[in-house]
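Peer 1: Quick one: sequence and predicted model below, then my questions.
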Amino acid sequence: MHAIHAERLYLFGSERSRANWLMNAEENVRLGDVTPDAAADWRAGLLAAGLSEATVRLHTRNVKTLFNAAVERELIGKNPFRSLKS
């Protein structure tokens with residue numbers, strides 16, 4: 001699988017969504033290592049941090065876009081964020 005680095009994330013989503021993803025991710029996150037459970041935990045963490053549901057949906061939508069692009073480029077088989085509300 002391919003490692004995601006901040007430079008690659010720059011191409012996807014909004015600046016705040018990228019920042020949220022990076023702050024809650026390991027230094028080098030492998031796309032294939034992100035599970036649906038990890039995606040749900042990330043989303044729950046945003047809510048627990050006090051972000052509104054609308055803001056969390058915006059961030060989730062942007063990260064879904066990132067992972068959809070990875071699926072389309074055949075970097076991963078499935079989008080672990082696909083079933084989350086956005």
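Peer 2: Cool, got the structure.

Peer 1: For Ser86, the count of nearby residues, please.
Peer 2: Per other Cβ atoms under 10 Å, the neighbour tally for Ser86 reads 16. In this view, the C-beta of every residue, glycine as well, is placed from N, C-alpha and C.

Peer 1: same for the helix or strand encompassing Leu66, what does it pack against?
Peer 2: Secondary structure assigned from DSSP states H and E places Leu66 in helix 53-72. Here helix 53-72 touches helix 15-23, helix 36-48, going by 3 or more Cβ pairs under 8 Å, 6 or more residues apart in numbering; DSSP states H and E.

Peer 1: What is the next helix or strand after the first one packed up against?
Peer 2: Yep, that's helix 15-23 we're talking about. Downstream of helix 15-23, the next assigned helix or strand under DSSP H and E is strand 29-30. Applying 3+ Cβ pairs under 8 Å, 6+ apart, we find strand 29-30 packed against strand 3-4.

Peer 1: Show the average pLDDT along the strand it packs on.
Peer 2: Per-residue pLDDT over strand 3-4 has a mean of 47.

Peer 1: Could you do stretch 33-41 as well?
Peer 2: 89.

Peer 1: And for stretch 51-68?
Peer 2: For stretch 51-68, mean pLDDT rounds to 89.

Peer 1: What residues sit buried inside that stretch?
Peer 2: 51, 56-67 (16 or more other Cβ atoms under 10 Å).

Peer 1: related to what we said a few turns ago, the helix holding Leu66 versus helix 36-48: what angle between them?
Peer 2: On the basis of axes from the mean of the first three to the mean of the last three Cα atoms, to 10 degrees, helix 53-72 is oriented at 150 degrees to helix 36-48.
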